[in-house]
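**Q** Let me see the structure of the following:
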Amino acid sequence: MEKSRSTYSDIELMQLLKQDQQWAFECIYNEHWEHLYNHAYKRIGIQYIVEDALQNVFGRIWLKRASLDIINFRAYLTTAMMHECIHILSENKQVDAFYEKFEQLEEVLGDAGYGHIIQKELLEVAYQYADTLPEKKKQLFLLHLKGYDTKEISLYLKLSRKTIQNQLGVILKNLKNSGAIHLILLFEAIKDIF
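**A** Got it, this is the predicted structure:
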């Protein structure tokens with residue numbers, strides 16, 4: 001029997017995972033890890049947090065495989081990854097009391113109309129931060145906010161992908177140090193809810 005990802009649907013892989021088929025887990029991991037890493041790194045910009053979150057998410061999948069019922073791995077894993085990143089950030093002693101209210105805030109944001117208002121305000125904060133940047137960095141950051149990956153940004157700005165990654169890392173580090181990263185992370189978390 002051929003054990004390649006293209007042979008199986010997500011539902012079939014989930015069933016095989018429940019039967020302790022390690023190769024099914026490896027198929028899931030190999031298909032999704034890079035997307036999850038890039039998705040989270042693009043938003044968080046802190047390598048060790050993204051790596052820890054990735055390990056925790058897949059570790060939990062393996063440990064809880066018997067009780068999970070995942071229909072769409074990409075959607076499930078993307079959401080789990082962002083929640084895990086936020087959890088790791090909230091455990092960090094340097095993060096302020098903002099995260100203590102995060103669960104309460106998620107409940108309030110359950111109202112789609114109110115959530116969109118907050119999302120709009122958070123986006124305004126991001127644009128205000130962008131206005132403090134030099135023109136090239138501002139352009140890079142705004143493209144990043146709009147969801148473009150580093151490859152797309154490098155093609156658009158005609159810079160190497162490594163340069164884009166380095167500059168984005170510096171921008172996000174400065175954003176983190178400014179305290180505004182908490183608002184941006186909240187924006188990223190609620191963006192996928194609505």
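
**Q** Show the contacting residues for the nearest residue to Ala66 once chain neighbours are set aside.
**A** Using Cβ to Cβ, 6 or more residues apart in numbering and skipping residues adjacent in sequence, the residue nearest Ala66 is Lys18, 5.7 Å away. C-beta coordinates here come from the backbone N, C-alpha and C atoms, glycine included. Lys18 is in contact with 65-66, 68, counting by Cβ atoms under 8 Å, 6 or more residues apart in numbering.

**Q** By neighbour count, sort out the buried ones in the residues you listed.
**A** Buried members of the contacts of Lys18, counted by 16 or more other Cβ atoms under 10 Å: Arg65.

**Q** Now intersect the contacts of Lys18 with the helices, please.
**A** Taking DSSP state H, every one of the contacts of Lys18 sits outside helices.

**Q** would you list the contacts of Lys18 in JSON lines and tack on pLDDT and distance to Ala24?
**A** Compiled in JSON lines, the contacts of Lys18 are given as follows (pLDDT from 0 to 100; distance: Cβ to Cβ, whole Å):
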{"residue": "Arg65", "pLDDT": "91", "distance to Ala24": "9"}
{"residue": "Ala66", "pLDDT": "91", "distance to Ala24": "13"}
{"residue": "Leu68", "pLDDT": "87", "distance to Ala24": "12"}
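
**Q** Looking at the contacts of Lys18, which one is closest to Cys85?
**A** Leu68 (20.1 Å; Cβ to Cβ).

**Q** Surely that closest one touches Met14?
**A** Yes. Using Cβ atoms under 8 Å, Leu68 is in contact with Met14, at 6.9 Å.

**Q** circling back to that earlier point, so how far is Glu12 from the residue nearest to Ala66?
**A** Distance, Lys18 to Glu12, using Cβ to Cβ, to the nearest Å: 11 Å.
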